[in-house]
Structure formats: C-alpha cells, structure tokens
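**Q** Provided below for reference: sequence and predicted model.
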Amino acid sequence: MKTLDQIEKELMQTVAGVHEPPAGAYNFRVNGKSIGRQSSKYIDVQPQENGLIITIAPNTPDEVVHIPVIISRSGHKEVVINDFYIGDNADVTIVAGCGIYNCGARDSVHDGVHTFHIGKNAKVRYIEKHYGAGPGAGKILNPVSKFYLEKGAYAEAELEQIRGVDSTNRITEAELKDGAKILIREKMLTQGKQYAKSHIETILNGKDSVADIVSRSVATDESRQEFTLHVEGNNLCRGHSECDAILQDHGTVLATPSLDAKHVDAQLIHEAAIGKIAGDQLNKLMTLGLTGQQAESQIINGFLK
Amino acid sequence: MLQVKNLSFSVGPARKRSTILNNLSLNIKPGEFVVITGPNGSGKSTLAKLIMGLEKATDGQIVFNKQNVTDKDITERAKLGIAFAFQQPPHFKGLTVKDLLQISATGHETFLEDTETDYKKLIETVGLDESYLEREINNTLSGGELKRIEIASALARGAELTIFDEPEAGIDIWSFEKLVQIFKKFREKAPKRSLIIISHQQRLIRQADRIIVLRDGQIALEGHPDKVLPKLQEENA
C-alpha cells in the first residue's frame, strides 16, 4: 500500500479513526485511487466504475468495514459511487468519511453517492465524518446517502461535518418497510463564509416503521446553513424529526420542516429550535468556574458531541 | 467570611427608578447556615444574584474572605469559593449530568473526587439513580429532576459558600423531604462551609442558624429561628 504522508495520515485519522490498514475489510481511497483494499470472511469489497460494491454476507456477526476517502491534491474533483448490499440478519458498522486538504488555488471536490440495501432484520451503523483543512481554495463535499430498509431492518447513521468544509450539499434519503427503524444523527459546524445545505427525507412505508432524525448544527462567523427535513408516513408508523441550531456572530440558519401524514395511523412530530447560546446557560457554567469563552466552547462541544 | 456593605440595587430609567435593595448590610460567618426569607419582591433572589455576581450592584460593596469582590465577575467569584444553585436551572442539549458534575468538581479543592463512585453517591443523594449520570440535560427531564441535578451540581463544588435560590421551587413533596435531609447531611459533612438559602419553607427555615427577613429591599427581622419564627407567624396570622 502507498505510504500516507503526515497530512494524509491526520486526515485519515480525523475522518475514520485509522491511518494504517485495519484488521478487517477496508478500502483506502486517496486522490481518486484505491491505495489499499481488503475483503474479509464476511465482507466482500470489489471495485466498480467510480467506486465500490460492498457485499456483507447474511448473518455477519458484528463486523466493521472502513472506506475513507482523502483528497490532498489541490484541484482534484471526483464522483464516487459506492453500493452496499447488506444480507439478512447481518450486523455491521461502516466507517466512511472524507477529508480534504487543499493548499492550492483550485477547488477540491468530492461528490459521494452511497446506496444501502439493508436486508431483513439486519443492523447497520454508518459513520460518516467530513473535514476540510489547508489554506487553499474550496474544500467541497457533496454526499448523497440512500437507505433502503427491508422488514425489521435497523440503521443508525451518524453524519458529521467536523469543520473546514467550505461548501456542502448533503442529501440523505430513507425508505422503510414493515418494522424497520432508522436513526439519523446529523452534526454540522460551519465557520467563516462557509455554506451548508442538508436535505433529509424519510418515507415510512411499512407498518410499525420508525424514523428518528436529529440534526444539530452550529453556524458561526458569516456562515449560512439551510435544512429541509421531510418525513412521510404511509402506514401505521412513527416519525420524529428535530432540528436544533446555535447561532454565533453573524451565522444564519434556515430550517424548513415538513411532515406528510398519508395514513390515519401515522404519528409524525417535528421540533425545531434556533438561537444563540442562552445567557442562563453561560451563567450556570460560569458559576462552576468556567470563563465565558470556556463555557461557550463547552456548550458547543457538548451540543455537537 | 462574607460581608455585604451598604448594598443597593435599582432598575429602570432614571425617572422611574425602582429600588430593589436599599443600603443593605449583612455578615455571614464561616460554617453558618443562613436562610433569607421574605415576601415576593422583597429582594431575596436579587441579593443572592448580587453575591454570585449575576447582577451588578448600583452601590455598596461585597467582601469575601477579606477580598473586595464587588467588581469581580461570576467566574472569579466561583474560583474564590462561591457556588450558586439557580431557582430555574437551564437545559443543556448534549451535556450529560455527569459532564456537569465533572465541570463542577474539577480544577479546585472539593470533597468530591473525580470518580464514578462519588458521582453516583452524589446523584443518589438528591434522590436520582445512577442511570441519570448518562442522561442529557435536555427537555426530557422534568422540572423536579432538573432541580435536583442543579442542587447536585452546586454541592459538587464543595464551595466555602453555597447559595441556593429557592431550592424547593418546582419539586414535589417527596423531593422536598429529601432536600431537608440533604442540607442536614451537608452540614454534618462540611461543618466549616457556609450556606445561604433563599426560601419560604418553614421546614428549611427551622434548620438555619439565623434567619434574615427582607422587606422592601431592607432587613426587617434577623436572628435565631426561635426568636424570628414566632414573630413571622404572628405577622402572618
């Protein structure tokens, strides 16, 4: 495998928690090329045009697959298409994520389309972290994640934009059959003049299907964030979406929720709260000995934890 | 330990100035347990907030351990040894109860060590079980639960002076019984630490070494509960 330089190692560690090939299945993609790939007993990782086909065998017991992407060459632009086929009753954690280091004058762009076909009663935990660094031009990340859950399937998606991403257009979609459940946890921090747009759409087709979506974000400086959260209930189902944002400096946030109950037994709830850090929260932490600045950091770190 | 000298606090524009505290002075000794009571609007909570630095006095001086703290901010006063439990504590999305206790107990001398056992003991002291340590301080907690967590976080500091602003407000009868016990135990465990409790509740008031009754921003009555309580009851009759 190609040796990663220090910057690439740091990016890899930040977005995927590894910088050396892990024990199980993995694919490390750096500047548009796979620099290392491995399948395991239960997880098959194969290339396809512009991406991967990852097949997780039925009844896979608690396995992990790492598929991080790094861009360290300024001006690199790519579209990556990864398809996941998760067998019935499998239990798997998928660690994705993308880090861009840009020190040049041209934008670096990663567009990633991940499609998950999750078998009956399978359990998937998907972790996706995005991070940008370097003094150069745009660090742009546009992820699309599509989840198709069969009967009784369970998916947990942790989608985090850590910092340093100049522009993002995130699309997350899910369709659920009977008894399926999805938890989506999105966290986003924008700074400077960064822009972030996120659209999360869940379609509850199945009887007793459940969606629980929580989006938390912090918009600082002059950054702008826009969220649309849509839940559609087509059966006896439960959907909950929550959109919370903290504003700092001149940061702005637009949150547009929509609930579409197309069945009399659909129970859909939305909650939203946008505002600066409350004075009583700062005061409370200051009475515990933190300075105003430490209190702000503590609140933001906790909020995005 | 604490000297409040000629403290005044007013609000509103110059023409319609409203005086909340008027030239008030008091002393708190080390290890003393003082309950400040009085009718609504008498200035009790304002006095508590002024001591903690949550409000700035219009006039007068606050001295803590021989140091003039009048111009010091909340953080500085906290570091010097003053703690405060809010009447209406805030929610914190993302922070757990354990996070809050850790912040409270870390970085200074306290009787609480940064151990799971101590946090567990403390949360049980306020009538909540261990599972609450991992709970987020969000709106899934009831007002009573939030209040008990607030009391635990103030106790965790183990400060030389702890101020409780109406600790009984918003909690149920069972919790109130527990609350009385909490302050008794605190005194046994830390006899040199001082407590100021803003309260209307007779059962709490009776435990005090001294009662201070405020009326219209001034001290109207002061003394041992045996002396002050009969007078209060007479007035209320």
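**A** Looks like it came in fine.
**Q** CA atoms for contacts and neighbours, from now on please.
**A** Fine.
**Q** What is the neighbour count of the residue in chain B that chain A sits nearest to?
**A** Going by CA to the nearest CA, chain A is nearest to B:Gly94 of chain B, at 4.3 Å. B:Gly94 sits with 20 neighbouring residues when counted by other CA atoms under 10 Å in any protein chain shown.
**Q** Point out the residues in chain B that sit beside chain A.
**A** With CA under 8 Å from any CA of the partner chain as the criterion, chain B comes near chain A at residues B:52, B:54, B:74-79, B:82-84, B:86, B:89-95, B:103-104, B:154, B:157.
**Q** which stretches of the chain aren't confidently modelled?
**A** No chain was given, so I picked chain A. A:1 (pLDDT under 70).
**Q** that's the other chain; I wanted chain B
**A** Looking at chain B by pLDDT under 70, you get B:107-116, B:173-174, B:237.
**Q** How is the closest residue to B:Thr125 other than its chain neighbours assigned, secondary-structure-wise?
**A** Take B:Thr125 and drop its neighbours on the chain: the residue closest to it by CA to CA, 6 or more residues apart in numbering or on different chains is B:Ile182, 6.9 Å away. Look at B:Ile182: counting by DSSP: H, G, I helix; E, B strand; the rest coil, its state is helix.
**Q** quick revisit: give me the subset of the residues of chain B next to chain A lying in helices.
**A** Taking DSSP state H, the ones among the residues of chain B next to chain A that sit in helices are B:52, B:74-79, B:103-104, B:154, B:157.
**Q** Quickly check those residues for the two that are furthest apart.
**A** Farthest-apart pair in these is B:Met52 and B:Ile103; separation 17.7 Å (CA to CA).
**Q** out of these two, which sits in the busier spot?
**A** B:Met52 (27 against 18).
**Q** Show me the strands in chain B, by range?
**A** B:2-11, B:18-28, B:33-37, B:59-64, B:67-68, B:82-85, B:92-96, B:136-137, B:161-165, B:194-198, B:210-215, B:218-223 (DSSP state E).
**Q** need those in TSV with distance to A:Arg224, can you?
**A** As requested, the strands of chain B are exported to TSV (distance: least, CA to CA, whole Å):
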stretch	distance to A:Arg224
strand B:2-11	38
strand B:18-28	43
strand B:33-37	48
strand B:59-64	44
strand B:67-68	45
strand B:82-85	37
strand B:92-96	22
strand B:136-137	27
strand B:161-165	40
strand B:194-198	44
strand B:210-215	50
strand B:218-223	51
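**Q** now the strands for the stretch 1-150 of chain A?
**A** For the stretch 1-150 of chain A, the strands defined by DSSP state E, counting those that start in this stretch cover A:25-30, A:33-38, A:43-48, A:51-56, A:63-66, A:69-71, A:77-86, A:91-95, A:98-101, A:108-118, A:123-133, A:139-149.
**Q** Now mean neighbour count too, for these, in TSV please.
**A** Output for the strands of the stretch 1-150 of chain A, formatted as TSV (neighbours: other CA atoms under 10 Å in any protein chain shown):
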stretch	mean neighbour count
strand A:25-30	22
strand A:33-38	16
strand A:43-48	17
strand A:51-56	20
strand A:63-66	22
strand A:69-71	26
strand A:77-86	18
strand A:91-95	22
strand A:98-101	29
strand A:108-118	21
strand A:123-133	23
strand A:139-149	23
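**Q** Out of those, the one nearest B:Asp216 is which?
**A** With CA to CA, the closest approach to B:Asp216 among these belongs to strand A:123-133: 57.8 Å.
**Q** who touches the residue most central in space within chain A in this structure?
**A** Nearest to the mean C-alpha position of chain A, by CA atoms, centre = their mean, lies A:Leu159 at 1.9 Å. Counting by CA atoms under 8 Å, 6 or more residues apart in numbering or on different chains, A:Leu159 makes contact with A:127-129, A:184-187.
**Q** Run through the bridge partners of it.
**A** A:Leu159 has these beta-bridge partners by DSSP bridges: A:Glu128, A:Glu186.
**Q** so how far is chain B from it?
**A** The gap separating A:Leu159 from chain B is 16 Å, by CA to the nearest CA, to the nearest Å.
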